[in-house]
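In: Any chance you could fold what I've pasted below:
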Amino acid sequence: MNTNKEILGESLSDIRAFVAIAETGSFSKAAESLNASRAHMSRQLSQLEARLGVQLIIRTTRSQRLTVAGETFFSRCRAALSQLDEAITLASNDADQMRGHIAVNCVGGILGESLIGDVIHAFCAENPEISIELDFSSERVDLVQSRFDLVLRMGALADSLLIGRELGEIKIGTYASPDYFARKGRPSHPKELQQHDCLTGSVTKWRYVKSDDPEQHTDVEVHGHLQCKNGHVLLNAALQGNGICRLPALYCTSYEAEGKLESVFTEWKVDKVPLYLLYHRDRHQPARLKALISYLVANVPTKLKD
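Out: Here you go, the predicted model:
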């Protein structure tokens, strides 16, 4: 005996035919409403009755009427098809219209909270019917398993099932306040960082590359009194003279111009870090998501260069 799932999988078109016949009271009118032939409608009804093992419509040469089972089946199927058609319409509208919700996970600190946040604010102003949830959690998000639609992430990619669009490269520098250098001295080589108070994030091994020879590099295990994954906190600690930080240059450029921070190492540099926009490899993205992706791709690279 066929299961309900098997019957539904094979019979949805036949159920639509049955409902049309019951609604119109005529095979011919039902066939016209579904752009099919009368013979095809009759065949669909016979197939459905055979799968169900019950007669739904009593047919004579002059008339037709629903059986008791047919009346019950008709009332339930008409309501179910109405809900199904409504769901299809809502899904189609969701894909085509510029409204709805987007969940974004983003790198935090000044890069996310200010630069990318400003781009998101501008997008929201231009698209008032789209709501955006902007999350700055520091945990690495599995976009396939999570509820997020987009992720902005620094560093190399490892998610082969995702599409990654590089938005630009982040220049990294090493900074401290003039007061710190006056008290602790200024390192002239990365290895000397081991004798200093370093303000670290999640990475405590800092790699430096020779400016004139990219093949030559050195790794330094650093330590200090503060470890934090938030760039704002590390920046403020450096400004207060609490140690040496290694942060995106865009965090520190204005303070360097004001003389509040100074950079070190002219012969050594830190490799730039790529910023990626990641999203699902899905051909059927809703219009709102396509619009935000295009907006980020168009505006974030410009912000990074400013």
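
In: would you list every one of the helices in the protein?
Out: Ranges of helices in the chain, per DSSP state H, are 4-24, 27-33, 38-52, 68-96, 109-110, 117-126, 178-184, 231-239, 249-257, 287-305.

In: Is it possible to get JSON lines of those helices that adds distance to L152, mean pLDDT and mean neighbour count?
Out: Backbone N, C-alpha and C define where each C-beta goes, glycine included. Formatted as JSON lines, the helices of the chain follow (distance: least, C-beta to C-beta, whole Å; pLDDT from 0 to 100; neighbours: other C-beta atoms under 10 Å):
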{"stretch": "helix 4-24", "distance to L152": "41", "mean pLDDT": "80", "mean neighbour count": "17"}
{"stretch": "helix 27-33", "distance to L152": "50", "mean pLDDT": "89", "mean neighbour count": "18"}
{"stretch": "helix 38-52", "distance to L152": "51", "mean pLDDT": "92", "mean neighbour count": "17"}
{"stretch": "helix 68-96", "distance to L152": "23", "mean pLDDT": "84", "mean neighbour count": "13"}
{"stretch": "helix 109-110", "distance to L152": "12", "mean pLDDT": "82", "mean neighbour count": "20"}
{"stretch": "helix 117-126", "distance to L152": "10", "mean pLDDT": "95", "mean neighbour count": "14"}
{"stretch": "helix 178-184", "distance to L152": "32", "mean pLDDT": "97", "mean neighbour count": "14"}
{"stretch": "helix 231-239", "distance to L152": "14", "mean pLDDT": "94", "mean neighbour count": "20"}
{"stretch": "helix 249-257", "distance to L152": "15", "mean pLDDT": "93", "mean neighbour count": "16"}
{"stretch": "helix 287-305", "distance to L152": "8", "mean pLDDT": "92", "mean neighbour count": "16"}
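
In: Next, format the ones you listed as TSV and append distance to T60.
Out: Output for the helices of the chain, formatted as TSV (distance: least, C-beta to C-beta, whole Å):
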stretch	distance to T60
helix 4-24	14
helix 27-33	12
helix 38-52	13
helix 68-96	15
helix 109-110	79
helix 117-126	64
helix 178-184	99
helix 231-239	81
helix 249-257	82
helix 287-305	52
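
In: Select, out of these, the one closest to W268.
Out: helix 249-257 (14.7 Å; C-beta to C-beta).

In: chain center to the closest one: distance?
Out: From the chain centre to the centre of helix 249-257 is a distance of 30 Å (C-alpha atoms, centre = their mean, to the nearest Å).

In: Counting by contacts, list what that helix packs against.
Out: In terms of contacts (3 or more C-beta pairs under 8 Å, 6 or more residues apart in numbering; DSSP states H and E), helix 249-257 is packed against helix 109-110, strand 172-176, helix 231-239, strand 262-263.

In: how about TSV for those, with distance to K303 added?
Out: Output for the helices and strands packed on helix 249-257, formatted as TSV (distance: least, C-beta to C-beta, whole Å):
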stretch	distance to K303
helix 109-110	12
strand 172-176	17
helix 231-239	16
strand 262-263	22
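
In: Under the pLDDT cut-off, which ranges of the stretch 151-300 of the chain? List them.
Out: Applying pLDDT under 70 to the stretch 151-300 of the chain flags residues 158-161, 282-284.

In: 90 instead, please
Out: 153-164, 201-203, 211-215, 229-232, 250-251, 266-267, 279-287 (pLDDT under 90).

In: Buried residues of stretch 140-155, list them for me.
Out: 141, 143, 148-154 (16 or more other C-beta atoms under 10 Å).

In: Run through who's touching that stretch.
Out: 102-107, 111-112, 116, 135, 159, 161-162, 167, 170, 273-280, 289, 292-293, 296 (C-beta atoms under 8 Å, 6 or more residues apart in numbering).

In: Show the end-to-end separation of it, please.
Out: Counting by C-alpha to C-alpha, to the nearest Å, you get 11 Å between the two ends of stretch 140-155.

In: How far off centre is it?
Out: Averaged C-alpha coordinates place stretch 140-155 at 6 Å from its chain's average position (C-alpha atoms, centre = their mean).

In: ok, now stretch 220-240?
Out: 30 Å.

In: and if you look at stretch 252-263?
Out: Worked out by C-alpha atoms, centre = their mean, stretch 252-263 lies 35 Å from the chain centre.
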